[in-house]
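> A structural model of the following input is requested.
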Amino acid sequence: MNEDLYFQALRQLQANPNLSQRQLAKATGLSLGRTNYILRALIARGLVKVEHFRTSKNKLAYAYLLTPEGLETKARITARFIQRKRAEYDALKAELEQLTAEAQAEGLLDPEIAKP
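Below is the predicted model:
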């Protein structure tokens, strides 16, 4: 399972545990079926627990709550996500600087336009 998908789901659920699966799918940009699969995996791993609202008029209403293990896992995944994205950013920044320098040397870019 792609760790980024877990990260996105855990992040969304921590911010709003009352999201429906459909709302979670929309927030993460995933299909409803894939979202259901991810939620089931998170529940099976003990990272998320489900609470049913008995008093709700909508008998299908659930709350997806991160467990203490889920919070710890989210923290670890978040740290790895940030490291990975920083590395991607640094690589992209270096590539843009190199391409900009090459384009300027070839006279393809106006020096004023190429400034960050």
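
> the longest helix in the protein is where?
helix 68-105 (DSSP state H).

> centroid residue for this structure?
Centroid-nearest residue in the chain: Gln8, 2.7 Å away (criterion: Cα atoms, centre = their mean).

> correct me, but that one touches Lys26?
No: in this structure, Gln8 is not within contact of Lys26 by Cβ atoms under 8 Å, at 11.9 Å. (C-beta placed from N, C-alpha, C; glycine too.)

> output the below-cut-off pLDDT ranges for the protein.
Per-residue confidence for the chain (pLDDT under 70) gives these ranges: 1, 53-60, 111-116.

> 90 - rerun?
Residue ranges of the chain with pLDDT under 90: 1-2, 51-63, 100-101, 104-116.

> next, the contact list for Leu39, please.
9, 21, 24, 48, 64 (Cβ atoms under 8 Å, 6 or more residues apart in numbering).

> so the third one sits in a helix?
Pointing back at Leu24 there. Yes: judged by DSSP: H, G, I helix; E, B strand; the rest coil, Leu24 forms part of a helix.

> roughly how far does it sit from Ala9?
7 Å (Cβ to Cβ, to the nearest Å).

> overlap in contacts of those two?
Joint contacts of Leu24 and Ala9 (Cβ under 8 Å, 6+ apart) are 35, 39.
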